[in-house]
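> Show me the folded form of this:
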Amino acid sequence: MKIEMLYLVAGIKRQDYFRQQKRQIKQAFIETRTIEMVQAIRERHPVMGARPMFYALKITGMGINRFERLISESGLGIERKKLWIKTTNSNHNYFKYSNLTNGLELTCINQL
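I've put the predicted structure just below:
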């Protein structure tokens with residue numbers, strides 16, 4: 001009878017409580033199975049993106065955004081390499097102009 005009072009206080013039905021429990025167990029199973037499949041794919045394709053992996057696995061019961069979040073949170077995502085391109089080479093033998101604004105104090109617009 002005490003549990004029935006808890007359901008009444010929470011404003012839910014007993015059936016709803018057990019449905020939610022069953023849904024959580026099913027979702028946990030889907031997530032663990034998905035992580036296992038992703039780990040297997042990572043061994044063969046270490047740099048495969050999450051979207052191609054999602055479509056290759058044909059996962060049901062989970063959307064693409066949730067799949068990407070699961071991959072990231074479980075540490076199975078790939079880190080993008082930051083492309084840093086050096087565009088300026090100041091160590092050349094050509095003529096270099098001196099900085100004419102060095103020490104100049106600007107007080108108004110259009111002074112340069």
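> in the chain, which spans are helices?
For the chain, applying DSSP state H gives helices covering 2-10, 14-44, 50-57, 64-73.
> Report the buried residues of the longest one.
Translated: helix 14-44. 30, 31, 34, 35, 38, 41, 42 (16 or more other Cβ atoms under 10 Å). The way it works is simple: take the backbone N, C-alpha and C, and place the C-beta from them, glycine included.
> count of residues packed around the nearest residue to the fourth one once chain neighbours are set aside?
The shortest distance from residue 35 to any non-neighbouring residue, by Cβ to Cβ, 6 or more residues apart in numbering, is to residue 74 (5.5 Å). Burial of residue 74 is recorded as 14 neighbouring residues (other Cβ atoms under 10 Å).
> before we move on, what about residue 53?
Residues contacting residue 53 under the criterion other Cβ under 10 Å number 20.
> How confident was the prediction at it?
We have a pLDDT of 90 for residue 53.
> Next: residue 102.
pLDDT at residue 102 comes out at 85.
> swap in the one 10 residues further on?
If you check residue 112, the pLDDT there is 80.
> That one: what's its closest spatial neighbour, skipping adjacent residues?
Going by Cβ to Cβ, 6+ apart, residue 112 has residue 101 as its nearest residue, at 6.6 Å.
> Poorly predicted segments of this structure, please.
The model of the chain has pLDDT under 70 over residues 1.
> mind listing what the residue nearest the centre of it touches?
In the chain, the C-alpha nearest the mean C-alpha coordinate belongs to residue 72, at 4.8 Å (Cα atoms, centre = their mean). Each residue near residue 72 by Cβ atoms under 8 Å, 6 or more residues apart in numbering is listed here: residue 50.
> got it, and residue 48?
Here residue 48 is in contact with 41, 42, 56, 78 (Cβ under 8 Å, 6+ apart).
> And it, how close does it get to residue 65?
Noted for residue 48: a distance of 18 Å to residue 65, by Cβ to Cβ, to the nearest Å.
> before we move on, what about residue 77?
Remark: distance between residue 77 and residue 65 (Cβ to Cβ) = 14 Å.
> Pick out whichever of the two has more residues nearby.
For residue 77 versus residue 65, the count of surrounding residues by other Cβ under 10 Å is larger for residue 77: 16 against 10.
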